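Colleague: predicted model and sequence follow; I will ask about them next.
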Amino acid sequence: MRRVPATLWIGAALSLLFVGAALLSRVWTPADPTGMNIAARLKGPGEAGLLGADQIGRDVLSIVMAGAWTSLGIALTATAIGGAVGTATGMAAAAGRGGFERAVMAANGVLFAFPPILSAILLGALLGPGAGTAILAIGLFMVPVFARIARGAALQVWSRDFIKAARMAGKGPVRISIEHVLPNISAQIIVQFAIQTGLAILAEAGLSFLGMGVAPPNPSWGRMLSEAQTYLSSAPHLVLAPGLAIAGAVLGLNLLGDGLRDLTDPRRGQAA
Amino acid sequence: MLAVESLRVTFRRDRAPPVEVLRGVSLTLERGATLGIVGESGSGKSVLALSVIGLLPRNARAEGRVLLDGTDLLTLSERGMRDVRGRRIGMIFQEPMTALNPAMRVGVQIAEGLRVRRGLSRGNARTEALRLLDRVQIPQAGRRIDSYPHEMSGGERQRVGIAIALALEPDLLIADEPTTALDVTVQAGILDILGDLVADLGLSLILISHDLGVIARLADRTLVMHRGAEIEQDATERVLRRPGHDYTRTLIDAMPRRARATLEAGRA
């Protein structure tokens, strides 16, 4: 067994920390994340709660924890949907080849060319802001990313002889894709899933910063940042808490993805 | 049973004129006979095999006729070809590394065709796979059937490859460089198995190799190919003892001295 890379340990630990906080927030937070306490208004860390209180006296640690649920929930759902659609599309392109493949990849190119924030604003205007819009916008942006990776990996698998053997056994392209190609590209897809979830957290924070994420009073890291701007000099902890949460979650998932890649790709492991 | 008549295969290319890979090759193969095809890399041996089973890449075009018991395979639809592949013609591939799916247990891979084409239940297909593993002399087949390819040696993997090709009981086997990736000692074992199959089951065999020693061991007739064209085709004895062409002589001279000595001892 190869040595588990340090990046994987750190990434997994950070990711677990945030997932744990998100899950814990469903049953327990130090204070009610929506409960105001004007007396504690803008108090710093330690003065009121572990991370202080915000402009209307809510406990910052509680909002960050509850925000983890929102962020991770939207990011994971969006990446799962986008990843599934993208992977299926990419595998279909690799199996179909020819004109179909070119058409699929061209459509993906168009989708990829749209700045994600712009298409999210567009969707927000059409559907109204909310978790559903955020999931749709981020998921849409994930489709071409996964399609490219799945197609590239699947093409490699298709060139191997065991695909010919499967065709000799009478299997059609759909069965071959599911039974032979998918298990052989799943490592690459899982690695990408971790990295893209990190990006999705960033995107979700961006959307709610712009007011297109979940509606208040549902807690959200992006909106915490946008509300904290006004108090940047008087209460910097209001910016730092959600900012570090976003950075930590994205870093954790990226390290997790890189670590998994090192673990599954022998060439990278040796180079490192 | 198999007759290939002036088969031409051309590959379309992007931004380049098409290349002709096979320039009118003909051959015939009787039931129960073994035909050896020799030639250097790029001589079109594998393309010939792939056109017979209809697995040429999409950018290739085949002209001529490939007659299997009178049916021209080149005119068959993909659906019609699916009934030929595996059932009528089995294929053994060169690289035991890439010929097996690394993410699938070998028993499942052998059973694949049995489940898809013969509609066998999981249990019956497994029994049959076990019998096939015995047939290709995998020791302790009952335990090995649940192995992954990476847990097997190169020779064992190639035996599994043969078992897969045999699963649907074809009457023609095409073995494309079946021993090239293997150690010499392991090679002999594989060739013996192939020879036994031809003798016991009355299979016809097309054995493709760049190694005249391999061909000499099994083939009744030999086709020598060079740059997509036939150089000569005759009884293996005749081709090796009295090569009718300079190219064949070059191939024989290119053999390692010891192998050539074995060949010459065989002549005496």
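Modeller: All right, it came through fine.

Colleague: residue numbers of the stretch 1-150 of chain A in contact with chain B?
Modeller: Proximity of the stretch 1-150 of chain A to chain B, by CB under 8 Å from any CB of the partner chain, involves residues A:97, A:98. The way it works is simple: take the backbone N, C-alpha and C, and place the C-beta from them, glycine included.

Colleague: for the stretch 1-150 of chain A, which segments count as strands?
Modeller: In the stretch 1-150 of chain A, no strands are found when defined by DSSP state E, counting those that start in this stretch.

Colleague: for residue A:188, see how far away the residue in it that chain B sits nearest to is.
Modeller: Nearest residue of the stretch 1-150 of chain A to chain B: residue A:97, at 5.9 Å (CB to the nearest CB). Computed with CB to CB, to the nearest Å, the distance linking residue A:97 and residue A:188 is 20 Å.

Colleague: assign residue B:147 to helix, strand or coil.
Modeller: coil (DSSP: H, G, I helix; E, B strand; the rest coil).

Colleague: try residue B:41
Modeller: Assigned with three-state DSSP, residue B:41 falls in the coil class.

Colleague: would you mind measuring from residue A:255 to chain B?
Modeller: Distance of residue A:255 to chain B, computed by CB to the nearest CB, to the nearest Å: 26 Å.

Colleague: separation between the closest residue in space to residue A:48 that isn't next to it in sequence and residue A:63?
Modeller: Leaving aside its sequence neighbours, residue A:48 sits nearest to residue A:40 (CB to CB, 6 or more residues apart in numbering or on different chains; 3.8 Å). Residue A:40 sits at a distance of 13 Å from residue A:63 (criterion: CB to CB).

Colleague: between the two, tell me which one has more neighbours.
Modeller: Neighbour totals were compared for residue A:40 and residue A:63, and residue A:63 leads with 29 against 18 (other CB atoms under 10 Å in any protein chain shown).

Colleague: so the more buried one touches residue A:224, yeah?
Modeller: Yes - assessed by CB atoms under 8 Å, residue A:63 is found in contact with residue A:224 at 6.2 Å.

Colleague: show me what contacts the residue of the stretch 1-150 of chain B found nearest chain A?
Modeller: Of all residues in the stretch 1-150 of chain B, residue B:113 sits closest to chain A, at 3.4 Å by CB to the nearest CB. Each residue near residue B:113 by CB atoms under 8 Å, 6 or more residues apart in numbering or on different chains is listed here: A:168, A:169, A:170, B:86, B:164, B:167, B:168.

Colleague: phi and psi next, for the spatially closest residue to the second one that is not a sequence neighbour.
Modeller: The reference is to residue A:169. Nearest in space to residue A:169, with sequence neighbours left out and distances taken as CB to CB, 6+ apart, is residue B:113 at 3.4 Å. Dihedral pair for residue B:113: phi -60, psi -40, per degrees, to the nearest 10.

Colleague: can you list the residues of the stretch 151-272 of chain A near chain B?
Modeller: Counting by CB under 8 Å from any CB, the stretch 151-272 of chain A sits next to chain B at A:160-162, A:164-171, A:175, A:179-180, A:183-184.

Colleague: the stretch 1-150 of chain B: helices as residue ranges?
Modeller: Using DSSP state H, counting those that start in this stretch, the helices of the stretch 1-150 of chain B run over B:45-53, B:78-84, B:106-117, B:122-135, B:141-144.

Colleague: export those helices as JSON lines, with columns for distance to residue A:47 and mean pLDDT.
Modeller: Listed next are the helices of the stretch 1-150 of chain B as JSON lines, based on distance: least, CB to CB, whole Å; pLDDT from 0 to 100:
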{"stretch": "helix B:45-53", "distance to residue A:47": "76", "mean pLDDT": "93"}
{"stretch": "helix B:78-84", "distance to residue A:47": "75", "mean pLDDT": "89"}
{"stretch": "helix B:106-117", "distance to residue A:47": "64", "mean pLDDT": "93"}
{"stretch": "helix B:122-135", "distance to residue A:47": "67", "mean pLDDT": "94"}
{"stretch": "helix B:141-144", "distance to residue A:47": "68", "mean pLDDT": "92"}
